[in-house]
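> With the sequence up front, the predicted model follows.
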Amino acid sequence: MSVQAPNFSILQDEIKGLQGDVQHDTLGLLEKALKSSSTPNIEQQTQNFVTPILKSFKETGHLYNASQITFAQQTYDAILLISTCIPGGHHAQDILQHALPLLQQAGEAWDMGEFGMLTREIWNEGPIYETEPAHKDENQLNLNQWLNLNSFIAKCFETNLSQAVPGEPIPNVFANFALWELRRALETPSQDEKNKDNHAPNEVVDMRVKVACEWIVQGTKMLLVACLHNSCGDHPNGGNDGTPYGPGEAFSGNVGFSMERWGFWKRRIVELKATVGEDVHGIMDEALKKMTAVEFEAAEALVFKK
């Protein structure tokens, strides 16, 4: 776990960066929380981050001349922007992840549906490589920011497990983002499998695979649970074409999560290793290792369940 301070300089950009006092203050509180301990102490540093946010939330009309709903929305927006500057191995990401449930407990203004919509807005824009240069949006994330954001949302996806209640459906928040990135990277024909003229640059392919593997590394258990439950398989659109959870061109299975899809992803990582850059191999190996480990853990639970 890295303890070196993340570089937040890009967040000072007038267009791409944080907007308004609430968002800048949110960053300031995170930086203060990071400095509050010489070694990572996630629980305490999360409290040090969240407590002053909630104090300001109660006084937002006086401090910021804004409603509580506006304050919560701007704070959530700031958290998303801040996460784009934090690599997956840094504990600042864990502080943000653990902060979300604490904020959610503070009232309806902090509803996670709002956070999900803000996340969706970023996904609609996509990273810079998704758009032709002539049509680039100055608000779009660069490739490293996109990887960092996906790592953070994947960790949030994994926290669905901690909110599960026996006998009730397991929460599936952020499942759409997981499936979209896994489909984009692992269910799309590689350069050797389709016309090279229509294929994305190597840099783009490598980053897509990194992002997909980051989802697996950070959200392994929740991904397996979603596949075991066939989550999203009953999407109201039905069918296999044009649906949010449908298969990619290289995968012939059904809509939604499934063990068939899980196995395909695992095989696909092995196949794609020969086509991507060596700097991607490490995260691919880690993803495969995590998938195998969680399979073994699930099997052990069945065998030794009392």
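In hand now; what should we look at? Numbering: from 1, shown residues only.

> And the helices in this protein?
Under the criterion DSSP state H, the chain contains helices at 20-35, 42-58, 60-64, 68-83, 91-104, 112-125, 143-158, 175-186, 202-228, 259-272, 281-304.

> among those, which is nearest Phe251?
helix 259-272 (5.4 Å; C-beta to C-beta). (C-beta placed from N, C-alpha, C; glycine too.)

> Output the helices of the chain as a markdown table; include the columns distance to Glu14.
Putting those into a markdown table (distance: least, C-beta to C-beta, whole Å) gives the following:
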| stretch | distance to Glu14 |
| --- | --- |
| helix 20-35 | 12 |
| helix 42-58 | 24 |
| helix 60-64 | 19 |
| helix 68-83 | 13 |
| helix 91-104 | 23 |
| helix 112-125 | 18 |
| helix 143-158 | 17 |
| helix 175-186 | 28 |
| helix 202-228 | 27 |
| helix 259-272 | 39 |
| helix 281-304 | 34 |
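
> quick one, domains of the protein?
Structurally, the chain divides into domains by automatic domain parsing as follows: 1-139, 160-306.

> Can you tell me which of the ones you listed is nearest to Leu147?
Using C-beta to C-beta, the domains of the chain put domain 160-306 closest to Leu147, at 5.7 Å.

> Below-threshold pLDDT in the stretch 101-250 of the chain: ranges please.
Residues of the stretch 101-250 of the chain that meet the criterion pLDDT under 70 lie in 129-138, 191-200, 235-242.

> related to what we said a few turns ago, figure out which of the helices of the chain is closest to Pro6.
helix 91-104 (5.7 Å).

> what helices or strands is the closest one leaning on?
In terms of contacts (3 or more C-beta pairs under 8 Å, 6 or more residues apart in numbering; DSSP states H and E), helix 91-104 is packed against helix 20-35, helix 42-58, helix 68-83, helix 112-125, helix 143-158.

> Buried residues, the shortest one. List them.
Residues of helix 112-125 classed as buried: Met112, Glu114, Phe115, Gly116, Leu118, Thr119, Ile122, Trp123 (neighbour count, 16 or more other C-beta atoms under 10 Å).

> Identify the residues contacting it?
Contacting residues not belonging to helix 112-125 are listed as 72-73, 76-77, 79-80, 100, 104, 137, 139-141, 149, 153, 173-174, 177, 180 [C-beta atoms under 8 Å, 6 or more residues apart in numbering].

> Could you count how many residues lie near Trp180?
16 (other C-beta atoms under 10 Å).

> Ala109: neighbour count?
Ala109 has 19 neighbouring residues, counting by other C-beta under 10 Å.

> For stretch 68-85, buried residues please.
For stretch 68-85, by 16+ other C-beta under 10 Å, it's 68, 71-85.

> and the spatially most central residue of the chain, what does it touch?
In the chain, the centroid-proximal residue (C-alpha atoms, centre = their mean) is Ile153; its distance is 2.1 Å. For Ile153, the contact set (C-beta under 8 Å, 6+ apart) comprises Ser83, Thr119, Phe174, Phe177.

> Tell me how far it lies from Val217.
According to C-beta to C-beta, to the nearest Å, Ile153 stands 13 Å off from Val217.

> can you check Leu80 too?
Counting by C-beta to C-beta - Leu80 and Val217 are separated by 20 Å.

> again, but for Asp77
With C-beta to C-beta as the criterion, Asp77 and Val217 are 26 Å apart.

> Could you do Val294 as well?
11 Å.

> Please identify which of the helices of the chain is closest to Asn7.
helix 143-158 (10.4 Å).

> Just checking the distance from that closest one to the centre of its chain.
Computed by C-alpha atoms, centre = their mean, to the nearest Å, the chain-centroid distance of helix 143-158 equals 3 Å.

> Please put the alpha-carbon coordinates of it into CSV.
Only the C-alpha atoms of helix 143-158 are listed here, as CSV (Å, rounded to 0.1, in the frame of the first residue of the first chain):
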residue,chain,number,x,y,z
LEU,A,143,-6.2,7.1,-19.7
ASN,A,144,-4.5,7.0,-16.2
GLN,A,145,-7.4,8.9,-14.7
TRP,A,146,-9.8,6.5,-16.2
LEU,A,147,-7.9,3.5,-14.8
ASN,A,148,-7.9,5.2,-11.3
LEU,A,149,-11.6,5.9,-11.5
ASN,A,150,-12.5,2.3,-12.5
SER,A,151,-10.3,1.0,-9.6
PHE,A,152,-12.2,3.1,-7.2
ILE,A,153,-15.7,2.2,-8.5
ALA,A,154,-14.7,-1.5,-8.5
LYS,A,155,-13.9,-1.2,-4.8
CYS,A,156,-17.3,0.4,-4.2
PHE,A,157,-18.8,-2.5,-6.2
GLU,A,158,-17.1,-5.0,-3.9
